[in-house]
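Participant: A predicted structure for the sequence below; I have some questions about it.
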Amino acid sequence: MLFNKKRTYNKLVIGALAFFITGFALAQVSGTDATMAADGSLFQRALDGIATFLSYTGFANVTIAHIVMIVVGLFFIFLAINYDYEPLLLIPIGTGILIGNIPFVAGNQIGIYETGSVLNYLYFGVVKGIYPPLIFLGIGAMTDFSSLLSNPKLMLLGAAAQIGVFLTFLGAIALGFTLQESGAIGIIGGADGPTAIFLSSKLANGLNGSQNLIGPIAIAAYSYMALVPVIQPPIMRLLTSQKERVIKMKPPRAVSKKEKIIFPIVGLLLTTFISPSALPLLGMLFFGNILKESGHTERLAETARTKLIDIVTILLGVTVGASTQADVFLTFDSMKIFCLGAISFVIATMGGLLFAKFMNLFLKGDNKINPLIGAAGVSAVPDSARVVHVEALKYDKSNYLLMHAMAPNVAGVIGSAVAAGILLSFLG
């Protein structure tokens, strides 16, 4: 009985709505006969409305360039999911590329380059170099410098790998880029995404006559960071012999708590006195490490190396990806940047490997260095060190190089930041 009452009530409501809607439509039609004669039928109006709607959709505005960039974004996501290549970076960047290349009609505050859009506000942290120092804070809070402190001479390998930065700088000048643009492009050789973004935000952000190259430089730097497992092993095999690859290094010495606390303080003062322009990066890096090693700020260190760095990585990855709008990104200069980036990464890897072989000329016995760890001199932490370790195990299952490789790896982080500061001092 109750069910029947509800059904009757629903019918009455639906009938009343239908009556009012029909009446409203008839009133509109009867009251606008003259207007219909002038403007066309209601059917024509409906067609015009649909046409207007379709003109604002992505289907009406899509170009081949948009399709190309969407494929690139999907490829990044594929590499991250299928091959586990830096998924924390490539998935946000790949998704950002998709977001940035959905075709839209300009002027509605949608795109990342349109003032007032949400994406434009989020991109502010990239353009002004805010996100990179926060990333460095997190890196410092999660980095253990023990391997570097136990064998300080390995710091030279991180310095040697920075040759890629300066040779790429010269190559960019040769290809017609300005000094400022060349400085920003050169830092790709350090394989350090945050540093590349920081320097390009200062030197190649579209101001003072320069092009806005932040997007291409950032994508190139992060792409080659993710492709470390693909790019570096062939170079390692090419430049080292079978005998060199099985060199076993003596275990690193134990590092005291006092040394761990003193190092970031001394490192902060020394590196920033050498390169004051790198203060935002190096200051935050060593500050994060002080939080970690002091023993009294574990909550702050935990926040820096987990929640904070995760949030910033999401924002940085998505906005950098979204900055690759097809009309801005697909240019001949972008292609040149990608080629220079590949060359610089190869040169940086070779610089670390060859300098390790050079150092062995002066070392005896168990003090010799396995040259493979020289490849970790680029600052792709900790992927380069992990690749070195895996490569060494292929030739000797008992040869564990991870801790040794971490020394030049973290030195590379410091070295690339110092190199960026030097370039900024001269070119900024």
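Facilitator: All right, it came through fine.
Participant: From here on, just use CA atoms for contacts and neighbour counts.
Facilitator: Noted.
Participant: what are the phi and psi angles of Glu86?
Facilitator: Main-chain dihedrals, Glu86, degrees, to the nearest 10: phi 40, psi 60.
Participant: Ala301: what's it in contact with?
Facilitator: Residues near Ala301 by CA atoms under 8 Å, 6 or more residues apart in numbering: 138, 141-142, 288, 291-292.
Participant: Now list the buried members of the residues you listed.
Facilitator: Buried subset of the contacts of Ala301 (neighbour count, 16 or more other CA atoms under 10 Å): 138, 141-142, 288, 291-292.
Participant: just to revisit the earlier point, name the nearest of the contacts of Ala301 relative to Lys336.
Facilitator: Minimum distance to Lys336 across those is 31.9 Å, recorded for Gly138 (CA to CA).
Participant: Restricted to helices, list the contacts of Ala301.
Facilitator: Applying DSSP state H to the contacts of Ala301, the entries found in helices are 138, 141-142, 288, 291-292.
Participant: Mind giving me the packing neighbours of the helix or strand where Asp327 lies?
Facilitator: Assigned by DSSP states H and E, Asp327 belongs to helix 326-329. The elements that helix 326-329 packs onto, with contact taken as 3 or more CA pairs under 8 Å, 6 or more residues apart in numbering; DSSP states H and E, are helix 64-83.
Participant: and the next element down the chain from the helix it packs on?
Facilitator: Next in sequence after helix 64-83, counting helices and strands by DSSP H and E, comes helix 87-100.
Participant: I'd like the distance from that following helix to the chain centre, please.
Facilitator: Computed by CA atoms, centre = their mean, to the nearest Å, the separation of helix 87-100 from the middle of its chain amounts to 9 Å.
Participant: Dump the C-alpha coordinates for it into CSV.
Facilitator: Extracted C-alpha coordinates of helix 87-100, given in CSV (Å, rounded to 0.1, in the frame of the first residue of the first chain):
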residue,chain,number,x,y,z
PRO,A,87,58.5,6.8,-11.6
LEU,A,88,58.4,9.6,-8.9
LEU,A,89,59.5,12.0,-11.6
LEU,A,90,58.3,10.6,-14.9
ILE,A,91,54.7,10.0,-13.9
PRO,A,92,54.1,13.6,-12.7
ILE,A,93,56.1,15.0,-15.7
GLY,A,94,54.3,12.7,-18.2
THR,A,95,50.9,13.6,-16.7
GLY,A,96,51.9,17.3,-16.8
ILE,A,97,52.7,17.0,-20.5
LEU,A,98,49.2,15.6,-21.1
ILE,A,99,47.6,18.4,-19.1
GLY,A,100,49.7,21.0,-20.9
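Participant: Could you check that helix and say which residues are buried?
Facilitator: Applying 16+ other CA under 10 Å to helix 87-100 flags 87, 89-100 as buried.
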